[in-house]
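In: Okay, here's the prediction I keep looking at, along with the sequence it came from:
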Amino acid sequence: MVSKHISNKVANLPPSGIRKFFDILATMPDVISLGIGEPDFVTPPEITQAGIYALQQGETGYTSNAGTLELRQALALHLEKLYRVKYDPHKELVITVGVSEALYLAMTAILEPGDEVIIPTPCFVSYQGQVLLAGGVPVEIACRMENEFMPDPEEIAAAVTPRTKAILIGFPNNPTGAVASREVLEAIGRVAEEHDLIMISDEIYDQLVYGFEHVCFSSLPGMQERTILLSGFSKDYAMTGWRVGFAAAPEALTQAMLRVHQYTIMSAPTMSQAAALSALKFGAESAELMRREYDRRRRLIVDGLNEIGLPTFEPCGAFYAFPKISGTGLSGEEFSMRLLEEQQVAVVPGAAFGPGGEGFVRCAYATAYDQIETALARMAKFVKSI
């Protein structure tokens, strides 16, 4: 049996709690999906045309391992303009194949076998898996709805052990839509500083905030020197399929990640980098129009879920609502499966995102307004029936 040759860390890796429902969804007609965390907008034309032009000009070869210098320079200016944080485009930025690769590089570059990474949950489903694949141990801290799903710095501090290497956070948050306050982030930073830990901050939804300030973690006093900032273009600019992200960090960390990157990936797709450059130069207006539409949908879905009787705190970022369904007497998986089978509406069980998600489901409002209205009507029928 060839299965005996499979690595234990891969064989023991738990399957994604999201993928199970997507596989079922693919077999069912007339389903309204509130499950997929992907913009329903197409990439803005000014960005797409830049990618097409790059192809037409024969830009189909490798770029520098770190990415084109022009893109890194534009990205450095972008981060300085938005968050007043300066990165050297020659030494402190690496362009990656989406933020998922950037996270892989970060974990592989810093973790020794058995090193622990503290992860507030609910969180993006890849966080724990990436730690495990790098030989580390994820230490999950459950956030609570009564605290607007913000992590408790005291609980993070209590979880630190001699094996702790890093703290991994993601705000604006997937799946809750929470946006961490400056005060909470500063308190987490003090924990990292006291114990000499690396901070890994996934900020892929940084521009999708609603009436709230997004705080770039590395812009906090004293934090840039210990922070690996991860972000990209997928969500803000509707560029998921282009697969382009980045990592920004002090030179020693960036160069360690680049060493892994050059042996596993070589370089991010050349035409995608050209499109990303156009996004930074010309995509702000399109990004703002999409953000406003998400905000309109956000108000619809949050009000609708609360009216149905599914308590939902107001998300201030990303494009997710995270209603509490424990009052129905069903687990998140039971609720999601029955809703899909009986009313053809797809949501994701909150437990798929870690211990903090128990008793909740994730509803993505990255779908059309009228589809959300129909989904809410179907969900109301379902909740009434149980």
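Out: Right, received. Where do you want to start? Bear in mind the structure is a predicted one, so any value in this text is a computation, not a measurement.
In: which residues of the chain fall in helices?
Out: With DSSP state H as the criterion, the chain has helices at 8-11, 19-25, 45-56, 69-83, 98-110, 126-133, 153-159, 182-195, 251-264, 270-282, 284-308, 332-343, 369-385.
In: Out of these, which gets the lowest mean score?
Out: Among these, helix 19-25 has the lowest mean pLDDT, at a mean of 66.
In: rewinding a little: so which of the helices of the chain is nearest Leu168?
Out: Counting by CB to CB, Leu168 lies closest to helix 126-133 out of these; the figure is 5.7 Å. C-beta: built from backbone N, CA, C; applies to glycine.
In: which strands and helices sit next to that closest one?
Out: Applying 3 or more CB pairs under 8 Å, 6 or more residues apart in numbering; DSSP states H and E, one finds that helix 126-133 contacts helix 8-11, helix 98-110, strand 116-121, strand 137-142, strand 164-170.
In: Quick check: buried residues in that helix?
Out: Across helix 126-133, burial judged by 16 or more other CB atoms under 10 Å covers 126-133.
In: would you list these in CSV and tack on distance to Asn147?
Out: Supplementary listing: the buried residues of helix 126-133 in CSV, determined by distance: CB to CB, whole Å:
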residue, distance to Asn147
Ser126, 24
Tyr127, 20
Gln128, 21
Gly129, 26
Gln130, 26
Val131, 24
Leu132, 27
Leu133, 30
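In: Relative to Lys281, which of the residues you listed is nearest.
Out: Closest to Lys281, out of all of the buried residues of helix 126-133 and judged by CB to CB, is Ser126, at 29.6 Å.
In: quick one: the closest one and Ser286, what's the gap?
Out: Shown here: Ser126 relative to Ser286, a distance of 27 Å by CB to CB, to the nearest Å.
In: quick one, what contacts Gln49?
Out: Ser278 (CB atoms under 8 Å, 6 or more residues apart in numbering).
In: circling back: of the helices and strands packed on helix 126-133, which is nearest Tyr62?
Out: When the helices and strands packed on helix 126-133 are compared (using CB to CB), the closest one is helix 98-110, at 15.7 Å.
In: just to revisit the earlier point, and of the helices of the chain, who's closest to Met145?
Out: Comparing the helices of the chain by CB to CB, helix 284-308 comes nearest, at 12.8 Å.
In: Show me the contact partners of the closest one.
Out: Residues contacting helix 284-308 (CB under 8 Å, 6+ apart): 39, 41, 44, 46-47, 177, 207-210, 236-238, 279, 312, 314-315, 319, 321, 323, 363, 365-367, 369, 372-373, 376, 379-380, 383.
In: Among those residues, name the buried ones.
Out: Counted by 16+ other CB under 10 Å, these give 39, 41, 44, 47, 177, 207-210, 236-238, 279, 312, 314-315, 319, 321, 323, 363, 365-367, 372, 376, 379-380, 383 as buried.
In: Now Gln371. Nearest residue, chain neighbours left out?
Out: Distances taken as CB to CB, 6 or more residues apart in numbering put Ile32 closest to Gln371, at 5.3 Å, once the chain neighbours are dropped.
In: I figured that neighbour hits Gln344, correct?
Out: Yes. With contacts defined as CB atoms under 8 Å, Ile32 counts as touching Gln344 at a distance of 6.6 Å.
In: shared neighbours of those two, anything?
Out: In contact with both Ile32 and Gln344: Arg378, using CB under 8 Å, 6+ apart.
In: neighbour count winner among the two?
Out: Between Ile32 and Gln344, counted using other CB atoms under 10 Å, Ile32 has the larger neighbour count: 20 against 17.
In: contacting residues around Phe246?
Out: Remark: with contacts taken as CB under 8 Å, 6+ apart, Phe246 is in contact with 67, 75, 93-96, 102, 230-232.
In: again but with Phe171, I slipped
Out: Listed by CB under 8 Å, 6+ apart, the contact set of Phe171 reads 178-180, 185, 201, 203, 214, 317.
In: go on, Pro122?
Out: By CB under 8 Å, 6+ apart, the contact list for Pro122 reads 143, 149, 173, 175-176, 322, 350, 353-354, 356-357, 360.
In: which residues does the residue nearest to Gln371 form a beta bridge with?
Out: In this entry, Ile32 is beta-bridged to Val345, by DSSP bridges.
In: Which of the contacts of Pro122 are buried, as a ChimeraX select command?
Out: In ChimeraX, a selection of the buried entries from those looks like this (16+ other CB under 10 Å):
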select :143,149,173,175,176,322,350,353,354,356,357,360
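In: tell me which of the contacts of Pro122 is nearest to Gly332?
Out: Nearest to Gly332 among the contacts of Pro122: Gly350, at 4.8 Å, using CB to CB.
In: surely the closest one meets Phe322?
Out: Yes. Checked against CB under 8 Å, the pair Gly350 and Phe322 is within contact range at 6.7 Å.
In: what's the overlap in contacts for these two?
Out: Common contacts of Gly350 and Phe322 (CB under 8 Å, 6+ apart): 122, 175, 357, 360-362.
In: quick one: least confident of those residues?
Out: Gly357 (91).
In: Can you tell me, leaving aside adjacent residues, what's nearest to that residue?
Out: Gly357's closest residue in space is Gly350 (CB to CB, 6+ apart), at 3.1 Å.
In: What distance do you get for the one you found to Val85?
Out: As for Gly350, its distance to Val85 is 33 Å (criterion: CB to CB).
In: still on that earlier bit, turn the contacts of Pro122 into TSV, columns for distance to Gln57.
Out: As requested, those are exported to TSV (distance: CB to CB, whole Å):
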residue	distance to Gln57
Cys143	48
Phe149	46
Asn173	39
Pro175	40
Thr176	43
Phe322	45
Gly350	47
Phe353	42
Gly354	45
Gly356	48
Gly357	46
Phe360	48
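In: Out of the contacts of Pro122, which one has the lowest pLDDT?
Out: By pLDDT, Gly356 ranks lowest within those, coming in at 87.
In: and that residue, how far is that from Ala377?
Out: 29 Å.
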